[in-house]
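> Pasted the sequence and its predicted model underneath.
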Amino acid sequence: MSDDAPASSDSDSDDGIDVKGLGVAVVAVACLGLFWMLGPAWKLAYLFAEVVVISIVIWQACDPFADAAQWIGETFKLPGSVRGATLDAIASSMPELFSGIFFVLIAVTAVGEGGTQQALEAAGAEGYGATIATCAGSAVYNMMLIPAVCALVISFYRTSRPVIDVEDDVIARDGLWFVCCEILLILFLFQDQMYWWMGLVFIGLYVVYIVQLSRDAGKFRGKMAKVREHLEGPGAEADEDTVVRDLKESGVRVSRAHVIKAREGDGEEEDDDSAGILFGVADVPLNMVTAWTVIVVSTAFAAGACYFLVDATRAAATELGVPTFFVAVIVAAAASSVPDTFLSIGSAMRGDDSGAVSNAFGSNIFDICICLSIPLLVNSYLTGWQPVSLLQDGEPIPGLVGLRILLVVLTIVTLAIIWHNRQLTRTKAFVLCGLYGVFIAYAVLGSLGVLF
């Protein structure tokens, strides 16, 4: 489709330095240094600036990871929706995974060797509660704010087609999988305790999801081969609807998107096979060795940044005198979701609308199935395989009850908005932003003790 072509040319150049991003980083570091010099009276402002700097580090760590993951996806000819739900989702969800692990590790190790088993289990419950808050908050952010931001950017940027078009497969497959995972999570969260085997259930569920995506990728490649074969013969001059109809009559079901992608694929210029690092200051040429090296190194940097994110989140909660749960559900969740945002915006600006939305859903599925499971298994191991209590002084962890209700309501509303006309418009984007504002209000009021 011709109106997608300008997207890549008008976007920030992949070959140049990201001046805006570099400028934001310089300002953030300068503010961090200023608040540090101002002393203890500005500790809260210092912690906020620290979180901003950490989120920038996470962004820059995940950026080359995403480039390498995309190169791998293109090398194996994965469709955009599958790549977005797997490689992009994993690339952008690393912060949630490492944050959850560090929340548990820091809380449990703080007890020390002389601590009682009861103290150890209580610390583990606190750490895992913050993990739940981070992943749940990130899920709401991914589900609502990322599609909204993509839709807003596209509405101003791509004037010839100022909406995000969502394929049925993305909603029917990724949306349905997310709802199923979320329902299972909520059922587990309504228990008084979470057991190690629950983590294995989620991991097994994610394996099934990957198997389905693998099958879908194979079907996609088969359909694209049929489309290209038809376009090289009788359908060379036919419009998209005619090609879809002709192939349907021959027993092959494809969409207009398949035909458009087949026609554009051979005519597009090859993207630079490189991963940009440090705001594009340097590029790493990609091949099968360097791509996996970039992924390993980026993962290490993201893990280090997440350790400091967890430390800053706990310090901010202490400074504010509120449970870590409420700080994690906003601060840690938003900071760890920065890579998801830029990945989805980049996909949308390249014309890959389905990849942009499926990345958000895929990230949420990864958050629930993996980013909650691994910390749960780590916590269980450190506490002698004891269950993680979801109670505090005999009552549910503060904020957990309201979070369960909000997750259900916001998921249903968001999916209904996306399902309507299979499009995201500027108006829908503002509605989603408003709903995310409701979620933030809940977290703020909850931290003040107004809500349960």
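Thanks, I have the structure now.
> Do you have the strands of this structure handy? List them.
According to DSSP state E, the chain carries its strands in the segments 164-165, 193-194, 274-277, 282-285, 388-389, 391-392, 395-396, 423-424.
> Format those as a markdown table; extra columns: mean neighbour count, mean pLDDT and distance to V227.
Bear in mind the C-beta positions are built from the backbone N, C-alpha and C, glycine included. Listed next are those as a markdown table, based on neighbours: other C-beta atoms under 10 Å; pLDDT from 0 to 100; distance: least, C-beta to C-beta, whole Å:
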| stretch | mean neighbour count | mean pLDDT | distance to V227 |
| --- | --- | --- | --- |
| strand 164-165 | 22 | 75 | 18 |
| strand 193-194 | 18 | 86 | 47 |
| strand 274-277 | 21 | 79 | 30 |
| strand 282-285 | 14 | 83 | 32 |
| strand 388-389 | 21 | 84 | 50 |
| strand 391-392 | 14 | 68 | 56 |
| strand 395-396 | 14 | 66 | 53 |
| strand 423-424 | 21 | 79 | 23 |
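> closest to V51 out of those strands?
strand 274-277 (22.4 Å; C-beta to C-beta).
> Which residue ranges of the stretch 101-250 of the chain form helices?
117-140, 146-157, 168-169, 176-189, 196-231, 240-249 (DSSP state H, counting those that start in this stretch).
> and the fifth one with helix 240-249, angle?
In other words, helix 196-231. The directions of helix 196-231 and helix 240-249 differ by 100 degrees, with axes from the mean of the first three to the mean of the last three C-alpha atoms, to 10 degrees as the criterion.
> Pull out the buried positions in helix 196-231.
For helix 196-231, the neighbour count (16 or more other C-beta atoms under 10 Å) marks 196, 198-199, 202, 205-206, 209, 213, 216-217, 220, 223-224, 226-228, 230-231 as buried.
> helices or strands up against that helix?
Using 3 or more C-beta pairs under 8 Å, 6 or more residues apart in numbering; DSSP states H and E as the contact test, the elements touching helix 196-231 are helix 80-83, helix 176-189, helix 240-249, helix 256-265, helix 353-366, helix 373-382.
> Quick one: distance of the fifth one to the chain centre.
Its chain's C-alpha centre lies 7 Å from the corresponding centre of helix 353-366 when counted by C-alpha atoms, centre = their mean, to the nearest Å.
> For it, output the C-alpha coordinates as PDB.
What follows is helix 353-366 as a C-alpha-only set of coordinates in PDB (Å, rounded to 0.1, in the frame of the first residue of the first chain):
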ATOM      1  CA  ASP A 353      -0.300  -2.100  12.500                       C
ATOM      2  CA  SER A 354      -1.000  -5.700  13.600                       C
ATOM      3  CA  GLY A 355       2.600  -6.000  14.900                       C
ATOM      4  CA  ALA A 356       2.100  -2.900  17.000                       C
ATOM      5  CA  VAL A 357      -1.100  -4.200  18.700                       C
ATOM      6  CA  SER A 358       0.000  -7.900  18.900                       C
ATOM      7  CA  ASN A 359       3.200  -6.700  20.700                       C
ATOM      8  CA  ALA A 360       1.000  -5.200  23.400                       C
ATOM      9  CA  PHE A 361      -1.100  -8.400  23.800                       C
ATOM     10  CA  GLY A 362       2.000 -10.600  23.500                       C
ATOM     11  CA  SER A 363       3.800  -8.600  26.200                       C
ATOM     12  CA  ASN A 364       0.900  -9.100  28.500                       C
ATOM     13  CA  ILE A 365       0.700 -12.800  27.900                       C
ATOM     14  CA  PHE A 366       4.500 -13.000  28.600                       C
END
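> List the contacts of M94.
M94 sits next to 62, 65, 299, 302-303, 306, 339 when contact means C-beta atoms under 8 Å, 6 or more residues apart in numbering.
> TSV please, covering the residues you listed and showing pLDDT.
Supplementary listing: the contacts of M94 in TSV, determined by pLDDT from 0 to 100:
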residue	pLDDT
C62	76
F65	79
T299	81
A302	82
A303	81
C306	84
P339	68
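> Show me those residues that map onto helices.
Of the contacts of M94, the ones assigned to helices by DSSP state H are 62, 65, 299, 302-303, 306, 339.
> For D353, state which of these is nearest.
P339 (19.0 Å).
> where does the stretch 251-400 of the chain have low pLDDT?
255-258, 260-261, 263-272, 339, 354-355, 392-400 (pLDDT under 70).
> Please compute how far stretch 212-222 lies from its chain's middle.
Counting by C-alpha atoms, centre = their mean, stretch 212-222 is centred 22 Å from the centre of its parent chain.
> roughly how far apart are V243 and L231?
Going from V243 to L231 by C-beta to C-beta, to the nearest Å gives 7 Å.
> shared neighbours, those two?
With C-beta under 8 Å, 6+ apart as the test, V243 and L231 both reach V259.
> Quick check: pLDDT value at M198.
M198 carries a pLDDT value of 92.
> S93 now?
At S93, pLDDT is 76.
> Redo the helices of the stretch 101-250 of the chain as a markdown table? Include distance to I101.
Listed next are the helices of the stretch 101-250 of the chain as a markdown table, based on distance: least, C-beta to C-beta, whole Å:
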| stretch | distance to I101 |
| --- | --- |
| helix 117-140 | 8 |
| helix 146-157 | 23 |
| helix 168-169 | 33 |
| helix 176-189 | 18 |
| helix 196-231 | 12 |
| helix 240-249 | 47 |
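> Looking at these, spot the one closest to A30.
helix 146-157 (25.8 Å).
> Quick one: list the elements packing against that closest one.
strand 164-165, helix 338-349, helix 353-366, strand 423-424, helix 426-447.
> Isn't L391 up against D192?
Yes: in this structure, L391 is within contact of D192 by C-beta atoms under 8 Å, at 5.6 Å.
> so who does the residue sitting furthest away from the middle of the chain touch?
Relative to the centre of the chain, the most outlying C-alpha is that of P234, 42.2 Å out, by C-alpha atoms, centre = their mean. Residues in contact with P234 (C-beta under 8 Å, 6+ apart) are D246.
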